[in-house]
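J.: compute the structure for the input listed below.
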Amino acid sequence: MKIAVGGFHHETNTFAPSKADFDAFARGGAWPALCRGDALFESVSGVNLPVAGFIDEARAGGHQLVPLSWAAATPSDRVTEDAYERIVGQMLEDLAAARGLDGLYLDLHGAMVTEHHQDGEGELLRRVRAIVGKDLPVVVSLDLHANVTPAMVELADALVAYRTYPHVDMAVTGGRGYRLLATLMSGRRLAKVRKALPFLIPLTSGCSFIEPAKGLYESIDERERVPGVASLSFAAGFSPADIWHCGPTVLAFGEDAAATEAAAEELYQAILAQEKGFAGTIMSAEQAVAHAIKVSATAQRPVVLADTQDNPGAGGNGDTVGLLAELVRQRAPRAVIGLLFDPAAAERAHAAGEGATIEIGLGSHSGLPGHEPLRGSYQVKKLGDGRFECTGPFYRGARMELGPMALLEIGGVEVAVASRKAQLADREMLRHVSVDPEERGIVAVKSSVHFRADFQPIAEQVVVAAAPGPNPVDHLQLDYRFLRPGVRLMPTGPLSQGPKQ
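T.: Next up is the predicted model:
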């Protein structure tokens, strides 16, 4: 069979401080840079990405692959109209030029909002169908945090989402997508079911390492084995996307319509029964640091603090210094925090050299109200070029391009600084600047959950801290203007009142 392959990823936090322009996709960073044609195969090879998993399985099946383009940018505010139209334009140009296709696979996120479209993926699929027609089998893999819209379900023949958060099964999900496409290319068609849940799920409580998400995701394999059911997914949604269809969904696809509907309904009811468990708890920055200091005094392993509200993986800029300031104020021993996004500070450190002391205001350059840089004297302890390969389960195989990096120290606390945004979810991000995280008493990470894949195995405890930032755990702090009415803003919480004028 002849299969076209492409992808376009962005997780949009519409409350975040900066947008994703074309350069955010073109320059790369944590994930490969924008690539087109045969360069796609080399760029994603060996990386934990759905498109890589799909390619491996499709090649093993003896199929001919036609590469389109693949692009991803760090989560942020909306994708600019210019970036969207340029990237989608080149993808569709190559799709239109392909002849004799038997199928199409797209590696999408599912929570992309653009300056001109609430549903970036639905609009892309609408344009795809205008080119390939209604009969070509189209399968899409989605992030676990997809906000799955009716248009996405209507325009794709099947959708399949990750089942782990941290997303250690991205490549595996691409393989599931391949098997669905193979079913469709054999001439069979699948019934579709989409069920939207009535509450938003905070990122930190959707982790599949902890309950209730753990048990729910682990149950999907068994629920999916019902005869006539081909695929079952629970997309937890991405709550900081202020759009009509924001929120979690259950998706099911299968040859037996009744069995597919029943499987979706059973999973839907199981999730509803666990709603209260998704509420979660969180400490303030002051409480979290004090707790970490107390535990680390006698622990043999580090306490890991998650600076979740400035997570670059959820739209934060990674530049707030609230948790850093608290670590310094409480004189936290053997503490390190990262990655702090500050290209100017990294440049100053490289100009001064290792061992030098520089007077700077670190961080808080995004212009968020009430945020100020942490000014003081910083010792430059180590420099790096930001180029390294990750080895942890989440970023496995990713070839980082984070620009000049520096390890600075202020008040006995170390800060790993980078010139490009990326959540600290792999120990190599610290090792690159000569920090062995296992040797520190406290490791603070700008991440919500993905860090757990590589850091939880070495942690004495994991503590989630609510330091100031643009990605609040409590959705009641967000001013939703486009969310549909009747959705509970937090599990068991108050209802959305619908779009505002």
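
J.: please count neighbours and contacts with C-alpha atoms only from this point.
T.: Noted.

J.: report the contact partners of the residue nearest the centre of the chain.
T.: Nearest residue to the geometric centre of the chain (Cα atoms, centre = their mean): Gly313, 5.1 Å. Neighbour list for Gly313: Thr74, Pro75, Ala422, Gln423, Ser447, Ser448 [criterion: Cα atoms under 8 Å, 6 or more residues apart in numbering].

J.: the second one and Thr249, how far apart?
T.: I take that to be Pro75. 21 Å (Cα to Cα, to the nearest Å).

J.: ditto for the fifth one
T.: As defined by Cα to Cα, Ser447 lies at a distance of 24 Å from Thr249.

J.: list the buried residues for the helix or strand Lys381 falls within?
T.: Under the criterion of DSSP states H and E, Lys381 resides in strand 374-384. By 16 or more other Cα atoms under 10 Å, the buried positions in strand 374-384 come out as Leu374, Ser377, Tyr378, Gln379, Val380, Lys381, Lys382, Leu383, Gly384.

J.: leaving out sequence neighbours, find the closest residue to Ala196.
T.: Excluding its sequence neighbours, the residue lying closest to Ala196 (Cα to Cα, 6 or more residues apart in numbering) is Thr249, at 4.4 Å.

J.: where do the helices sit along the stretch 51-200 of the chain?
T.: 81-97, 120-132, 150-155, 170-185 (DSSP state H, counting those that start in this stretch).

J.: any chance of these in CSV with mean neighbour count as columns?
T.: Shown next, in CSV, are the helices of the stretch 51-200 of the chain (neighbours: other Cα atoms under 10 Å):
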stretch, mean neighbour count
helix 81-97, 16
helix 120-132, 18
helix 150-155, 17
helix 170-185, 23
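
J.: show me where the stretch 101-250 of the chain has its strands.
T.: Per DSSP state E, counting those that start in this stretch, the stretch 101-250 of the chain carries strands over the ranges 103-108, 138-142, 158-161, 191-196, 231-235, 249-254.

J.: turn the ones you listed into JSON lines, including mean neighbour count.
T.: Output for the strands of the stretch 101-250 of the chain, formatted as JSON lines (neighbours: other Cα under 10 Å):
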{"stretch": "strand 103-108", "mean neighbour count": "25"}
{"stretch": "strand 138-142", "mean neighbour count": "27"}
{"stretch": "strand 158-161", "mean neighbour count": "27"}
{"stretch": "strand 191-196", "mean neighbour count": "20"}
{"stretch": "strand 231-235", "mean neighbour count": "25"}
{"stretch": "strand 249-254", "mean neighbour count": "26"}
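
J.: check contacts around the closest residue in space to His9 that isn't next to it in sequence.
T.: The shortest distance from His9 to any non-neighbouring residue, by Cα to Cα, 6+ apart, is to Ala72 (4.5 Å). Shown in contact with Ala72 (Cα under 8 Å, 6+ apart): Phe8, His9, His10, Phe25, Gly28, Trp31, Pro32, Ala33, Leu34.

J.: Ser296 and Glu439 touch, don't they?
T.: No: applying Cα atoms under 8 Å as the test, Ser296 and Glu439 come out as separate, 11.5 Å apart.

J.: can you pull the residues that touch both of the two?
T.: Going by Cα under 8 Å, 6+ apart, residues that sit against Ser296 and also against Glu439 are Pro302.

J.: the more surrounded of those two?
T.: Ser296 (22 against 13; other Cα atoms under 10 Å).

J.: Ile458 versus the residue lying closest to that one once chain neighbours are set aside, what's the distance?
T.: Spatial nearest neighbour of Ser296, excluding adjacent residues (Cα to Cα, 6+ apart): Gly441 at 5.5 Å. When distance is defined by Cα to Cα, Gly441 is 11 Å away from Ile458.

J.: what's the overlap in contacts for the two?
T.: Arg301, Pro302.

J.: the two: which has the busier surroundings?
T.: For Gly441 versus Ile458, neighbours defined as other Cα under 10 Å are more numerous around Gly441 (25 against 16).

J.: the more buried one against Ile337, yeah?
T.: No: look at Gly441 against Ile337 with Cα under 8 Å: they stay out of range, at 11.3 Å.

J.: from what I see, the residue nearest to Ala196 and His145 are in contact.
T.: No: taking Cα under 8 Å as the definition, Thr249 is not a contact partner of His145, at 9.7 Å.

J.: now do the shared contacts for these two.
T.: Joint contacts of Thr249 and His145 (Cα under 8 Å, 6+ apart) are Ala235, Ala236, Gly237.

J.: can you put those in CSV and add distance to Leu478 and pLDDT?
T.: Below are the shared contacts of Thr249 and His145 laid out as CSV (distance: Cα to Cα, whole Å; pLDDT from 0 to 100):
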residue, distance to Leu478, pLDDT
Ala235, 21, 98
Ala236, 18, 98
Gly237, 16, 98
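
J.: now render those residues as CSV, adding distance to Arg331.
T.: Formatted as CSV, the shared contacts of Thr249 and His145 follow (distance: Cα to Cα, whole Å):
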residue, distance to Arg331
Ala235, 41
Ala236, 38
Gly237, 38
